[in-house]
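**Q** give me a model of this one.
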Amino acid sequence: MAHRGPDADGFFVEGEIALGHRRLSIIDLSTAANQPFADNSGRYVMVFNGEMYNFQEVRSLIGDYDFRTSSDTEVLIAAYTKWGPDCIRLFRGMFAFAVWDRQEKELFIARDRMGVKPLYLYAGEDRFLFASEIRSILSTGMVRRRLDPAALVDYLGWQSVSYPHTTIEGVRQLEAGSWMKIRKGHSEQRRYWDVTDVRYDIDFYDEGSVKKKIRELMLQSVGRRLVSDVPVGAFLSGGVDSSAVVGLMAEAGGARPNTFNVAFNEEEYDESPYAEIIAKKFNTNHTRLLIKPGLFLEELENALDAMDIPSGDGINSYVVSKSIRQNGMTVALSGVGGDELFAGYPFFEQYLQLQSRKALWNIPGPLRRLAAGFLGGGGKKGRMAQLLRLPSVSIDQAYPIFRQINSPAQIHEFLRLSGNGSSAAGVSPGSGHAVSGVGAELSARAAQLARLPLLSQVSAAEYLGYTQHTLLKDTDQMSMAVSLEVREPFFDQDLVEYVLAIPDRIKRPTYPKSLLVESLKPMLPDEIVFRKKQGFLFPWNIWLKNELRSFCDKHIRNMADRSFVNGGALTAYWQRFLKGDPNTRWSEVWLFIVLEYWLEKNGIEG
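**A** This is a model prediction of the structure:
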């Protein structure tokens with residue numbers, strides 16, 4: 001894991017416990033803050049990944065502790081010695097940490113609320129392993145390198161794997177917003193926060209007060225994420241979200257913001273004119289990173305090598321992170337998360353429209369299924385067919401369908417996972433969606449989700465689905481692969497809790513993310529707010545058929561030879577794609593190529 005922390009390493013080994021840590025020095029750069037870190041009494045030893053942004057506030061509450069450093073690491077362990085697991089309720093940050101109690105022989109591990117920082121676990125008969133990367137667990141030689149068949153359904157359906165599974169059999173994720181204790185061979189796990197636990201005691205009668213509160217929380221969130229003893233940069237695309245973050249960085253004070261924009265000579269990709277408007281408005285120290293689209297092809301294998309877990313996305317994040325790191329930044333703020341919080345995706349409006357027609361689902365099921373049969377299996381009609389087969393269009397039922405890459409019918413066609421004639425890993429080709437993965441996570445919270453405003457139901461589903469398991473994981477693994485820490489102000493706990501409680505009549509956009517824009521007025525110029533959305537929409541469809549054809553063909557053929565794949569169906573689909581069949585998509589093919597590359601790279605049985 002040296003790429004995650006190139007500045008120092010450290011170890012604590014005693015009896016039955018061994019802790020290791022790699023450090024990326026950001027707060028208190030002295031060696032005194034290196035980890036593993038012991039408290040003053042020597043009873044507790046800790047390893048910690050991430051940042052506690054409000055550590056100064058928490059430090060002031062502790063009082064009776066003789067601090068030796070100015071680090072957030074020491075504040076965290078001092079807080080644990082004072083309050084135990086309850087200390088987490090005070091923390092505002094992104095973190096995964098472990099504390100060993102040398103007296104009680106007890107291990108405590110915890111993960112941040114939104115799941116920004118990963119934490120993977122393996123429990124065997126006589127051992128317990130945990131790490132920030134699955135590859136670290138595999139490198140011990142104590143875990144069999146075997147693909148988890150059940151995880152394939154998640155991966156092919158939604159391009160990532162949902163809690164609690166991972167792509168490796170026996171290795172699982174610690175759920176976001178939860179902690180675990182391990183003592184004398186027994187474990188206890190508890191969730192301390194959930195995105196669906198929204199406050200209902202807030203008065204939203206005055207829309208002006210709501211906008212004022214959003215502005216205060218946004219400024220607080222950005223200000224928290226500027227805490228650093230090294231320079232802080234920002235991704236600046238020139239879109240609403242990144243521009244809002246940069247504007248608030250300038251307002252929060254301190255050093256002149258360092259902003260970075262990825263620019264292209266090709267006009268259809270280039271957003272730099274918009275980024276330069278914001279850079280000029282807020283007097284940032286702006287760097288235009290000119291990149292040729294071909295660089296994404298040149299960096300492809302480096303990006304795939306950086307993947308700790310296979311993902312259908314993330315190549316862009318790797319290239320951009322690498323460019324910013326090469327320009328001297330260790331920390332960068334990102335506007336990721338604005339769409340999820342302020343209803344920026346088309347699905348938000350589509351879900352409202354779906355709810356306005358929910359009387360359709362009062363029609364008897366057999367009639368709806370009959371109608372679904374006439375719609376076919378692909379595209380929008382195929383999605384509607386799946387929706388018609390559902391018992392209802394509640395968010396836990398509908399969301400997995402709207403976010404899927406491959407439909408259950410396609411997965412059923414591509415995979416051979418069951419030997420008894422039953423459907424692969426719980427997926428029935430006619431059921432509408434999987435009974436595992438993100439669908440299971442949402443179903444377990446169906447009652448809580450139903451109490452939220454409709455737009456917030458979508459936001460909560462996004463956090464529990466695509467955001468947590470794809471967007472945040474890709475951001476973390478691709479930025480940390482090049483030793484860059486990315487901080488995301490839109491994932492601040494206080495901001496999220498408030499905005500998710502806002503009723504639809506206030507939040508529903510009259511233009512893209514209008515509530516956010518109007519809360520920050522007059523910060524964002526009209527040419528930014530009403531610009532045509534563009535960005536990293538590179539011609540992967542063309543690249544797969546040309547520049548990457550031999551690379552893809554090799555991995556498709558190798559994947560087709562695996563026992564869990566219906567090789568004939570996969571290669572036939574690949575050939576149809578190469579011939580330009582409009583019913584095929586590059587993203588569906590790409591998931592198999594990435595998975596095969598990852599399996600080969602890491603020596604995984606499957």
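
**Q** what ranges does the stretch 351-500 of the chain have for its strands?
**A** Listed in chain order, the strands found in the stretch 351-500 of the chain under DSSP state E, counting those that start in this stretch are 485-487.

**Q** quick check: which ranges of the chain have low pLDDT?
**A** Low-confidence regions of the chain, defined by pLDDT under 70, span residues 376-379, 418-436, 534-537.

**Q** domain parsing for it?
**A** 2-191, 194-537, 540-602 (automatic domain parsing).

**Q** tabulate those domains (a markdown table), appending mean neighbour count.
**A** Quick note: C-beta positions are derived from backbone N, CA and C, even for glycine. As requested, these are arranged in a markdown table below (neighbours: other CB atoms under 10 Å):
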| stretch | mean neighbour count |
| --- | --- |
| domain 2-191 | 18 |
| domain 194-537 | 19 |
| domain 540-602 | 17 |
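
**Q** now do the closest residue to Asn34 other than its chain neighbours against Leu76, distance only.
**A** If you skip the residues right next to it in sequence, Asn34 has Ala8 as its closest partner in space, 4.9 Å away by CB to CB, 6 or more residues apart in numbering. With the distance defined as CB to CB, to the nearest Å, Ala8 ends up 17 Å from Leu76.

**Q** just Asn546 next, same as before
**A** From Asn546 to Leu76 the distance is 51 Å (CB to CB).

**Q** also Ile542?
**A** Spatial separation of Ile542 from Leu76 under the definition CB to CB is 49 Å.

**Q** quick one: residues contacting the spatially most central residue of the chain.
**A** When the chain is reduced to its mean C-alpha position, the nearest residue by CA atoms, centre = their mean turns out to be Leu472, at 1.9 Å. Taking CB atoms under 8 Å, 6 or more residues apart in numbering, we find Leu472 in contact with Met114, Gly115, Val116, Glu488, Phe491.

**Q** try it again at 7 Å.
**A** Under the criterion of CB atoms under 7 Å, 6 or more residues apart in numbering, the neighbours of Leu472 are Gly115, Val116.

**Q** just Thr259 next, same as before
**A** Taking CB under 7 Å, 6+ apart as the definition of contact, the neighbours of Thr259 are Gly233, Ala234, Leu236, Val246, Ala279, Thr284, His286.

**Q** just the ones of the residues you listed in helices?
**A** Secondary structure defined by DSSP state H assigns Val246, Ala279 of the contacts of Thr259 to helices.

**Q** now do the same contact list for Ile278.
**A** Residues in contact with Ile278 (CB under 7 Å, 6+ apart) are Leu236, Gly238, Ser243, Val246, Ile528.

**Q** now it: how far from Trp543?
**A** Shown here: Ile278 relative to Trp543, a distance of 31 Å by CB to CB.

**Q** residues contacting Leu219?
**A** Leu219 makes contacts with Leu248, Glu251, Ala252, as judged by CB under 7 Å, 6+ apart.

**Q** how close does it get to Ala501?
**A** Taken as CB to CB, the spacing of Leu219 relative to Ala501 amounts to 19 Å.

**Q** just Val227 next, same as before
**A** Distance of Val227 to Ala501, computed by CB to CB: 27 Å.

**Q** what's next to stretch 116-125, contact-wise?
**A** Residues lying outside stretch 116-125 but in contact with it, judged by CB under 7 Å, 6+ apart, are 49-50, 94-96, 109, 111, 129-132, 134, 137, 142-143, 166, 170-174, 472-473, 476, 488, 491.

**Q** on the three-state scheme, Tyr274 is what?
**A** When classified by DSSP: H, G, I helix; E, B strand; the rest coil, Tyr274 comes out as helix.

**Q** find the nearest non-adjacent residue to it, please.
**A** Of all residues not flanking Tyr274 in the chain, Gly238 sits nearest, at 2.7 Å (CB to CB, 6+ apart).

**Q** hmm, Ala279 and that neighbour touching each other?
**A** No - because the distance of 8.9 Å does not satisfy CB atoms under 7 Å, Gly238 is recorded as not touching Ala279.

**Q** partners of Leu415 in the sheet?
**A** Val565 (DSSP bridges).

**Q** thinking it is in contact with Gly567, fair?
**A** No - in terms of CB under 7 Å, Leu415 does not count as a neighbour of Gly567; the distance is 10.9 Å.

**Q** sec struct for the residue nearest to Leu548 when sequence neighbours are not counted, please.
**A** Spatially, and ignoring its direct neighbours in sequence, Leu548 is nearest to Leu297 (7.0 Å; CB to CB, 6+ apart). Three-state secondary structure (criterion: three-state DSSP) places Leu297 in helix.

**Q** Ile214 too?
**A** What three-state DSSP gives for Ile214 is helix.

**Q** now do the one helix or strand Met46 maps to: distance to the chain's middle.
**A** Element membership of Met46, judged by DSSP states H and E, is strand 44-52. Remark: strand 44-52 is offset 21 Å from the chain centroid, using CA atoms, centre = their mean, to the nearest Å.

**Q** counting by contacts, list what that strand packs against.
**A** strand 17-23, strand 37-38, helix 72-83, strand 93-101 (3 or more CB pairs under 7 Å, 6 or more residues apart in numbering; DSSP states H and E).

**Q** save those as CSV, and put in distance to Ala371 too.
**A** Formatted as CSV, the entries for those read as follows, by distance: least, CB to CB, whole Å:
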stretch, distance to Ala371
strand 17-23, 56
strand 37-38, 62
helix 72-83, 56
strand 93-101, 46
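
**Q** how much space between the residue nearest to Leu548 and Ser392?
**A** Here the distance between Leu297 and Ser392 works out to 45 Å (CB to CB).

**Q** check Ser407 too.
**A** From Ser407 over to Ser392 the distance is 19 Å, taken as CB to CB.

**Q** how about Ile26?
**A** With the distance defined as CB to CB, Ile26 ends up 47 Å from Ser392.

**Q** ok so, going back, for the contacts of Thr259, give me TSV that also has distance to Asp64.
**A** TSV is the format used below for the contacts of Thr259 (distance: CB to CB, whole Å):
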residue	distance to Asp64
Gly233	38
Ala234	38
Leu236	44
Val246	41
Ala279	47
Thr284	43
His286	46
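
**Q** what's the farthest-apart pair in the contacts of Thr259?
**A** In terms of CB to CB, the contacts of Thr259 reach their longest pairwise distance at Gly233 and Ala279, which sit 12.1 Å apart.

**Q** looks like Tyr163 contacts Val438 (just checking).
**A** No - contact status for Tyr163 versus Val438: not in contact, 9.0 Å apart, counting by CB under 7 Å.

**Q** can you list contacts of the one helix or strand Leu248 maps to?
**A** For Leu248, the host element (DSSP H and E) is helix 240-252. In this structure, residues lying in contact with helix 240-252 by CB under 7 Å, 6+ apart are 218-219, 222-223, 226, 234-236, 257, 259, 278, 282, 284, 333, 335, 338, 489-490, 512-513, 516-517, 520, 523-524, 528-529.

**Q** of these, which belong to helices?
**A** Helix and strand membership here follows DSSP H; of these, those in helices are Met218, Leu219, Val222, Gly223, Ile278, Gly338, Leu516, Val517, Ile528, Val529.

**Q** ok, the first one touching Leu495?
**A** Yes - under the criterion of CB under 7 Å, Met218 makes contact with Leu495 at 6.5 Å.
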